[in-house]
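Asks: no sequence on this one, just coordinates:
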């Protein structure tokens with residue numbers, strides 16, 4: 001497994017935890033030379049490329065009121081959250097064609113519903129969902145491309161209130177392993193008949209009607 005991230009400390013932690021099973025490559029996902037070199041390093045290390053998970057993103061969705069959102073801040077969201085997915089895919093595809101590999105993009109339920117002041121994030125995630133089905137048509141049958149759109153996933157081990165869990169029909173907030181398991185399935189041969197899809201994993205929240 002090869003991990004590419006701008007967070008070098010986080011990368012070092014992954015290597016320390018998984019050892020020789022993982023290669024960490026530091027790089028800014030929105031910069032084309034960095035992505036090109038990262039894919040080369042991964043293929044050189046592993047000898048081939050079987051799958052890609054596009055998960056890099058600016059995670060905080062709140063970009064403030066639209067009238068105060070600067071073009072530079074908007075562009076940063078687009079560069080990382082959308083262009084990064086495009087660049088990784090661009091350079092991975094020649095290798096994935098050889099192995100009939102698979103791509104999993106990470107979208108968000110915010111592609112279809114919003115809180116205030118999340119225009120930049122929601123726009124990018126909507127773009128990721130659309131990019132997914134466009135790629136599935138262009139790259140099939142050699143490469144499968146799917147999207148996962150998570151809802152509330154507790155990635156920081158926060159102490160959450162009972163009502164925050166209870167508002168999910170399944171009775172709890174999501175965990176990283178919920179998404180990881182779906183990623184693993186989409187990359188596997190068990191999902192060989194699945195492409196161009198956006199799979200929502202949100203504990204049922206986007207299906208729940210809420211009345212004040």
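Replies: Good, I have the coordinates. Just so it is clear, the model here is predicted, and its values are computed rather than measured.
Asks: use CA for all of it now, contacts and neighbours both
Replies: Will do.
Asks: residue ranges with poor pLDDT in this structure?
Replies: 212 (pLDDT under 70).
Asks: List phi and psi for residue 5.
Replies: Per-residue torsions, residue 5: phi -160, psi 150 (degrees, to the nearest 10).
Asks: Could I get the contacting residues of it?
Replies: By C-alpha atoms under 8 Å, 6 or more residues apart in numbering, the contact list for residue 5 reads 11, 24, 25, 26, 27, 28, 29, 56.
Asks: Looking at the residues you listed, state which has the most neighbours.
Replies: When neighbours are counted by other C-alpha atoms under 10 Å, residue 29 leads those with 27 neighbours.
Asks: other SSEs contacting whichever strand in the chain runs longest?
Replies: Ranked by residue count under DSSP state E, the longest strand found in the chain is strand 144-150. For strand 144-150, the helices and strands in contact under the criterion 3 or more C-alpha pairs under 8 Å, 6 or more residues apart in numbering; DSSP states H and E are strand 102-106, helix 119-139, helix 176-187, strand 198-201.
Asks: The first one: partners in the sheet, and parallel or antiparallel?
Replies: In the sheet containing strand 102-106, the strands it pairs with under DSSP bridges are strand 51-54 (parallel), strand 144-150 (parallel).
Asks: TSV for those, including mean neighbour count and distance to residue 98?
Replies: Formatted as TSV, the strands paired with strand 102-106 follow (neighbours: other C-alpha atoms under 10 Å; distance: least, C-alpha to C-alpha, whole Å):
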stretch	mean neighbour count	distance to residue 98
strand 51-54	21	11
strand 144-150	26	13
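Asks: Tell me which of the ones you listed sits nearest to residue 201.
Replies: Nearest to residue 201, of all the strands paired with strand 102-106, is strand 144-150, at 4.8 Å by C-alpha to C-alpha.
Asks: which other residues reach the closest one?
Replies: Outside strand 144-150, the residues that reach it (C-alpha under 8 Å, 6+ apart) are 100-109, 128-129, 132-133, 135-136, 179, 182-183, 186, 192, 194-202.
Asks: Just the buried subset of the residues you listed, please.
Replies: For those, a burial check counting by 16 or more other C-alpha atoms under 10 Å picks out 100-109, 128-129, 132-133, 135-136, 179, 183, 186, 195-202.
Asks: Enumerate every residue touching the residue lying closest to residue 187 once chain neighbours are set aside.
Replies: Excluding its sequence neighbours, the residue lying closest to residue 187 (C-alpha to C-alpha, 6 or more residues apart in numbering) is residue 102, at 5.7 Å. Residues near residue 102 by C-alpha under 8 Å, 6+ apart: 50, 51, 52, 96, 143, 144, 145, 186, 187.
Asks: how many other residues sit next to the nearest residue to residue 101 once chain neighbours are set aside?
Replies: Leaving aside its sequence neighbours, residue 101 sits nearest to residue 50 (C-alpha to C-alpha, 6+ apart; 4.6 Å). As a burial measure, residue 50 scores 20 neighbours (other C-alpha under 10 Å).
Asks: What of residue 153?
Replies: Residue 153, neighbours per other C-alpha under 10 Å, totals 18.
Asks: Could I get the buried residue list for stretch 170-177?
Replies: Buried, per 16+ other C-alpha under 10 Å, within stretch 170-177: 172, 173, 174.
Asks: Having no further points to raise, I will conclude here.
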